[in-house]
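A.B. asks: this one's structure only:
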Ligand SMILES: [Ca+2]
Ligand SMILES: [Ca+2]
């Protein structure tokens, strides 16, 4: 048995394995919910004290579902899948203490606002849960009057202030808007990756 022959044999085996795995992958995809082409988005249940968040999130999700042509939104009785979102908590936590050198008292310079939610996507046709996950998102804000002058990367995308079109508005309000947008994106990612 010479080396060339062994290498050739191994290469053949590799191709065969690759072929088998490819088929497996495609057949798995085929078994995912092809019978689902519509969704009903339940009114969001909000257990946090941040009342405005439910409407913001509901608008954002509908907008993204429609704009990205993910799935058709229909009424409750016509939809073959339903999306349930519960906002469990919205919390502000200190992100960095005393980064400002003039700050003798180590006041909080940055806050992180976190939205914690529970999201379920239900298959009404087969009466199955497609996914049920706790999903979190955040936005960072500081003490400046506007997010585009605070020197903070408020959404963690490595773009700051005037170089980032997402960073504008009063600090906490802006951070909530950013966190809502991120949560909405993540929910839609999870829906499309279940496909
Ligand atoms: Ca940014
Ligand atoms: Ca900023």
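C.D. replies: Yep, that arrived. Small disclaimer: the values here were computed from a predicted structure and weren't measured. Ligands and ions are numbered 1, 2, ... in the order given.

A.B. asks: This protein: strands as residue ranges?
C.D. replies: Ranges of strands within the chain are 38-41, 45-46, 72-73, 81-97, 108-123, 128-141, based on DSSP state E.

A.B. asks: just so I know, which of those strands lies nearest ligand 1?
C.D. replies: strand 128-141 (8.9 Å; C-beta to the ion). In short, each C-beta sits where N, CA and C put it, glycine included.

A.B. asks: buried set for the closest one?
C.D. replies: For strand 128-141, a neighbour-count test (16 or more other C-beta atoms under 10 Å) marks 130, 135, 137-141 as buried.

A.B. asks: Tell me the residues on this protein that lie near ligand 2, please.
C.D. replies: Within the chain, the positions near ligand 2 by C-beta under 5 Å from the ion are 147, 150, 152, 154, 161, 167.

A.B. asks: I'd assumed residue 80 was in contact with residue 40.
C.D. replies: No: applying C-beta atoms under 8 Å, one finds residue 40 not in contact with residue 80, separated by 9.0 Å.

A.B. asks: Which residue, other than its chain neighbours, is closest to residue 118?
C.D. replies: Spatial nearest neighbour of residue 118, excluding adjacent residues (C-beta to C-beta, 6 or more residues apart in numbering): residue 86 at 4.6 Å.

A.B. asks: okay, now the one you found: neighbour count?
C.D. replies: Neighbour count of residue 86, defined by other C-beta atoms under 10 Å: 17.

A.B. asks: same deal with the one 10 residues further on?
C.D. replies: In terms of burial, residue 96 registers 14 neighbours under the definition other C-beta under 10 Å.

A.B. asks: Can you give me the end-to-end span of stretch 160-172?
C.D. replies: End-to-end span of stretch 160-172 (C-alpha to C-alpha, to the nearest Å): 16 Å.
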